[in-house]
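1. sequence first, then the predicted structure, then my questions.
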Amino acid sequence: MFLRHIFKLAFRILLLATALYLYFTDIVKLNYPAVFQQGFGGWFLWLVWIVLVVDMLYRLIPNKHIAIGAGKHFACSYKASSIKTDAADMSKAPNPLHKGALYSAVAWLAATSAMLFALHLLGILTPPMVLIVTLLYAVFDLVFILFYCPFQALFWRNRCCVECRIYNWDYFMMCSPMLLFPNAYSISLVLLSVAVLLHWEIALRNKPHYFTRATNENLRCELCTDKLCLLRGLGKGLRR
């Protein structure tokens, strides 16, 4: 899973680099509201759309081919804890993860709004630039997982992103800026990202015991097979 994420990061960086190249050489090819008029000339836009849609569909279908952090809301990723703790019955206690989620949402909204407003002031808030922002967020998503996550550092302070409360918010965070210039292309991506988000939140509400290592043994370091924290140096002792 670690190497898969490394390759995925490299591919997303390549997509971002291609978008930046097209921005300065053939910006029309990034104009997603006109994608249906571009024919085969819109190949890059369709490549981005297909990549995002396939990734999001993987988040909606129960499977073990995604990171445990992204798939812990599926029954196939749950293993009941044999250790009884006060946190075991989460339905009878406030979930401390909700506060971190709220702080993270506010921080993301503030940062995104400030960036888009700055682009507006510079006169470059256009569909091609918004697509670049989406791809930049796609790169940040994996950088946060593999190297350093400010949300984790500031609001969660948990050991590993395998327990991340907002893991499946990522595609909504990536795609939602595209609604500034809505068309079938952007709306379809945003609607699918909302489906991923709602599926996650409904699962958290109905099966909160899937989401913490106190109640789901598959989230414990000693049972983790993803090893996504290798570059962070987290949990070295338990992973050797």
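-> Received, thanks. Numbering: from 1, shown residues only.
2. in the protein, which spans are helices?
-> Shown for the chain, the helices assigned by DSSP state H span residues 2-25, 35-38, 43-60, 68-71, 97-121, 127-146, 150-151, 170-175, 184-206, 236-239.
3. tell me how far the fifth one is from the chain's mean position?
-> Pointing back at helix 97-121 there. 15 Å (C-alpha atoms, centre = their mean, to the nearest Å).
4. counting contacts, what elements does that helix pack onto?
-> helix 127-146, helix 150-151 (3 or more C-beta pairs under 8 Å, 6 or more residues apart in numbering; DSSP states H and E). For every residue, glycine as well, the C-beta is placed using N, CA and C.
5. the residue nearest the centre of the chain and residue 200, how far apart?
-> For the chain, the residue whose C-alpha lies nearest the mean C-alpha position (C-alpha atoms, centre = their mean) is residue 170; its distance is 2.3 Å. Residue 170 is 10 Å from residue 200, where distance means C-beta to C-beta, to the nearest Å.
6. same deal with residue 194?
-> Remark: distance between residue 194 and residue 200 (C-beta to C-beta) = 11 Å.
7. looking at the two, which has the bigger crowd around it?
-> For the pair residue 194 and residue 200, the greater number of neighbours falls to residue 200 (22 against 14), based on other C-beta atoms under 10 Å.
8. how about the contacts made by the more buried one?
-> For residue 200, the contact set (C-beta atoms under 8 Å, 6 or more residues apart in numbering) comprises 59, 73, 167, 168, 169.
9. returning to what we had before: what's the most buried one of the helices and strands packed on helix 97-121?
-> Highest mean neighbour count of the helices and strands packed on helix 97-121: helix 127-146, a mean of 20 (counted as mean count of other C-beta atoms under 10 Å).
10. lowest-confidence helix or strand of this structure?
-> When each helix and strand of the chain is scored by mean pLDDT, DSSP states H and E, helix 236-239 comes last, with a mean of 39.
11. burial count for residue 214?
-> 18.
12. that one reaches residue 81, doesn't it?
-> Yes: contact status for residue 214 versus residue 81: in contact at 6.5 Å, counting by C-beta atoms under 8 Å.
13. can you tell me how far residue 13 is from residue 142?
-> 9 Å.
14. same thing with residue 226?
-> For residue 226 relative to residue 142 (C-beta to C-beta), the value is 13 Å.
15. next, give phi and psi for residue 73.
-> phi -80, psi 0 (degrees, to the nearest 10).
16. which ones are touching it?
-> Contacts of residue 73 (C-beta under 8 Å, 6+ apart): 168, 199, 200, 203, 204, 207, 210, 211.
17. got a markdown table for those, with pLDDT and distance to residue 131 too?
-> As requested, the contacts of residue 73 are exported to a markdown table (pLDDT from 0 to 100; distance: C-beta to C-beta, whole Å):
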| residue | pLDDT | distance to residue 131 |
| --- | --- | --- |
| 168 | 95 | 22 |
| 199 | 96 | 25 |
| 200 | 95 | 25 |
| 203 | 93 | 30 |
| 204 | 91 | 30 |
| 207 | 91 | 36 |
| 210 | 89 | 34 |
| 211 | 88 | 33 |
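18. looking at these, which is nearest residue 42?
-> For these, the closest approach to residue 42 (C-beta to C-beta) belongs to residue 168, at 28.5 Å.
19. which one is the closest one nearest to, not counting chain neighbours?
-> residue 200 (4.0 Å; C-beta to C-beta, 6 or more residues apart in numbering).
20. can you give me the distance of that neighbour to residue 101?
-> For residue 200, the distance to residue 101 - C-beta to C-beta - is 11 Å.
21. perfect, I'm done here.
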